[in-house]
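> for reference, the sequence and a predicted model appear below.
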Amino acid sequence: MLRAYRADLHIHSILSPCTEPAEMSPRAIVKRSVEAGLDLIAVCDHNSCENFPALYQAALEAGLKVLAGMEITTREEIHILGLFDREADAVGVQAVVYEHLPGENDEKTFGCQVVVDENEEVVSFNKKLLIGATTLSLEAVVDLIHARGGVAVASHIDREAYSIISQLGFVPPGLALDALEISPRTGLEEARRRFPGLDHLPLISSSDAHSLDGIGGGSTAFLMASAGIDEIKLALAGREGRKVLGG
């Protein structure tokens, strides 16, 4: 039976150096997501998925579905979300991303990148420059995500930085994106007016939350049979009765 699932598919944890470090712990993210009425979330830290296991365990206890993901920065400085059902698929993508991620994090400049376990004990501090750009092209990132069975979404296309529109001015013909993401400041209807040439791609809204009060600020309702990547793919394609209901 199909039902509506409310999803926020772009949330950062304390692994992302630009988050509020005192707030974005796994349990706090899950608690706030439940309070916001979400059925499904994705943790999408910059160029890494190392905090997914902790989020997954916290979400199990709360009855919330969480997808593995990451926000990959291409060499063109475009942010692309990769969303996955299986941790192994996300880790496989992460391994390639790490191979193409130069530089080391400067904690004084960018902040700490904290990896925690299911008990929210600090496991390590990621030393890679997660906030930086990889040497992977836009096309290579999209192909990498799809090779692991994931969904590829262009992040916050209405933003003036790190979006496919801000960096290129257009979506390249033939680029196999599954969807385009709109930030909370732009409604889906307004986005369709602003970007009339992108009618061939579905739009979703996510929060891109870096603090707890942002979670659920942007969300998308999907009509699906269950909360998972295969169902999301069907909804984005408008197949078998699944569809995107809106924000």
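Done, it's in. Since the model is a prediction, treat every value here as computed from it, not as a measurement.
> for this structure, where's the lowest mean pLDDT among helices and strands?
helix 188-194 (a mean of 85; mean pLDDT, DSSP states H and E).
> show me what the next helix or strand after it is packed against.
On the C-terminal side of helix 188-194, the nearest following helix or strand under DSSP states H and E is strand 203-205. In terms of contacts (3 or more C-beta pairs under 8 Å, 6 or more residues apart in numbering; DSSP states H and E), strand 203-205 is packed against strand 179-182, helix 188-194. C-betas here are computed from N, CA, C, even on glycine.
> nearest to residue 57, out of these?
Ranking the helices and strands packed on strand 203-205 by proximity to residue 57 (C-beta to C-beta) places strand 179-182 first, at 26.4 Å.
> the closest one pairs with which strands, parallel or anti?
Sheet pairing of strand 179-182 (DSSP bridges) gives strand 151-154 (parallel), strand 203-205 (parallel).
> got TSV for those, with mean neighbour count and mean pLDDT too?
As requested, the strands paired with strand 179-182 are exported to TSV (neighbours: other C-beta atoms under 10 Å; pLDDT from 0 to 100):
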stretch	mean neighbour count	mean pLDDT
strand 151-154	25	98
strand 203-205	26	96
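> and those: which comes nearest residue 225?
With C-beta to C-beta, the closest approach to residue 225 among the strands paired with strand 179-182 belongs to strand 151-154: 16.5 Å.
> which residues does the spatially closest residue to residue 28 that is not a sequence neighbour contact?
With sequence-adjacent residues excluded and distances taken as C-beta to C-beta, 6 or more residues apart in numbering, residue 28 is closest to residue 212, at 6.0 Å. Going by C-beta atoms under 8 Å, 6 or more residues apart in numbering, residue 212 touches 20, 23-24, 28-29, 32.
> show me what counts as buried in stretch 144-163.
144-145, 148, 150-159, 162-163 (16 or more other C-beta atoms under 10 Å).
> now name the helix or strand holding residue 34.
Take DSSP H and E as the rule and residue 34 turns out to sit in helix 26-35.
> could you do residue 41 as well?
Residue 41 belongs to strand 40-46 when elements are defined using DSSP H and E.
> just the mean pLDDT for that strand, thanks.
Mean per-residue pLDDT for strand 40-46: 98.
> which residues of the protein fall in strands?
Under the criterion DSSP state E, strands of the chain are mapped to 3-11, 40-46, 65-73, 79-84, 114-116, 122-125, 151-154, 179-182, 203-205, 220-224, 243-246.
> quick one: which of these is nearest residue 172?
For residue 172, the closest of the strands of the chain is strand 151-154, at 10.6 Å, according to C-beta to C-beta.
> now do that closest one: everything it contacts.
9, 78-84, 141-142, 145-146, 163-164, 171, 176-181, 204, 229, 232-233, 236.
> cool, thanks, talk later.
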